[in-house]
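In: Quick one, structure for this:
(one chain, ligands or ions: 1)
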Amino acid sequence: MPAGCKTVTVPQEAPRSFGAPDGWVFDTDGVITRTAEVHRSAWAATFDGFLAGEDPAQRPFSDEDYLAHVDGRPRYDGVAAFLTSRGIHLPTGSPDDAPGARTVCGLGNAKNRAFMAVLARDGVEAYPSTVDLVRHLRAMGVAVAAVSASRNQAAVLGAAGLEDAFDVRVDGLTAERRGLAGKPDPAIFLEAAHLLGLPPGRVAVVEDARSGVEAGRRGGFAPVIGVDRHGQAAELRSAGADVVVDDLSRLEVGADRWVRAVGAAPSGPAVQGAS
Ligand SMILES: [Mg+2]
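Out: Next comes the predicted model:
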């Protein structure tokens, strides 16, 4: 052994099992597609522009604001929650308000315009490990659904080439039509389970947002799988995730449909990276 080197024992954890669900529900932004980043920058551009005109003393929109107030929430709910956190109250307005109008809906519409501009310019990237898992499940005859609080889900999945990858899709438009509450209410997940024809206890939920993990837990889904994209493993776990992984390549689904996670400790930090 060269001088200065030492032997390091890497603990090898046995794979842990998390049930054998008959169906899976995947959150879209941040689990299937890399759009959480696009949403975050569209929110930042919208809110920073608004705050600069409203009250220049306000600090800029941050990653913490994104996670705490808008991630996973319906668009206008996210606007209202963020503004409330800054002590700003605007009239709700109407979904027909011009983007940038001084209302909750106007700001939400401005964010959507910014999001769609980035989508058109840059396209959308899917997470390869998620696509692999979805294909694997479907090949085994396991039903899969894609769920999103966003009204842009069809555009996002289409831009990623995944328009036919799921048996069931539930998006913000469906939610609005059917009067389904946003996460952390489990309504849109329950709708997906209903459309899959399965009780929630037989369906896995995969989520990257605290509000989504909470919704999965409240809805009685099993297992609830947290995907830690932003170093928030502890938060996802405290929201009720049965297991938190940094990427879905950490999950194995056997021919018996049993889900096994390799390398993620039940109460320790999520495994980060591949080493
Ligand atoms: Mg998400």
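
In: Any figure for the gap between the closest residue to the ion within the stretch 51-200 of the chain and Ser129?
Out: In the stretch 51-200 of the chain, no residue comes nearer to the ion than Gly72, which is 5.1 Å away by Cβ to the ion. Any C-beta I mention is one placed from the backbone N, CA and C, and that applies to glycine too. Going from Gly72 to Ser129 by Cβ to Cβ, to the nearest Å gives 20 Å.

In: where's the residue of the stretch 51-200 of the chain closest to the ion, which helix or strand?
Out: Assigned by DSSP states H and E, Gly72 belongs to neither a helix nor a strand.

In: ok, back up a step: neighbour count for Gly72 and Ser129, which is higher?
Out: In this view Gly72 and Ser129 are compared by other Cβ atoms under 10 Å, and Gly72 has more residues nearby, 27 against 15.

In: Quick one: neighbours of the residue nearest to that one when sequence neighbours are not counted, just the number.
Out: Closest residue to Gly72 apart from its sequence neighbours, by Cβ to Cβ, 6 or more residues apart in numbering: Ala209 at 3.3 Å. The local packing of Ala209 (other Cβ under 10 Å) involves 30 other residues.

In: So for Ala209, what pLDDT did the model give?
Out: Ala209 carries a pLDDT value of 91.

In: residue contacts, it?
Out: With contact taken as Cβ atoms under 8 Å, 6 or more residues apart in numbering, Ala209 is in contact with Asp27, Gly30, Leu67, Asp71, Gly72, Lys183.

In: Please name the residues that touch the second one.
Out: Contact partners of Gly30, counting by Cβ under 8 Å, 6+ apart, are Ala36, Asp71, Asp208, Ala209, Val227, Arg229.

In: before we move on, what about the third one?
Out: Going by Cβ under 8 Å, 6+ apart, Leu67 touches Ala209, Arg210, His230, Gln232, Glu235.

In: Save those residues as CSV, and put in distance to Arg260 and secondary structure too.
Out: Compiled in CSV, the contacts of Leu67 are given as follows (distance: Cβ to Cβ, whole Å; DSSP: H, G, I helix; E, B strand; the rest coil):
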residue, distance to Arg260, secondary structure
Ala209, 24, coil
Arg210, 25, helix
His230, 25, coil
Gln232, 23, coil
Glu235, 24, helix
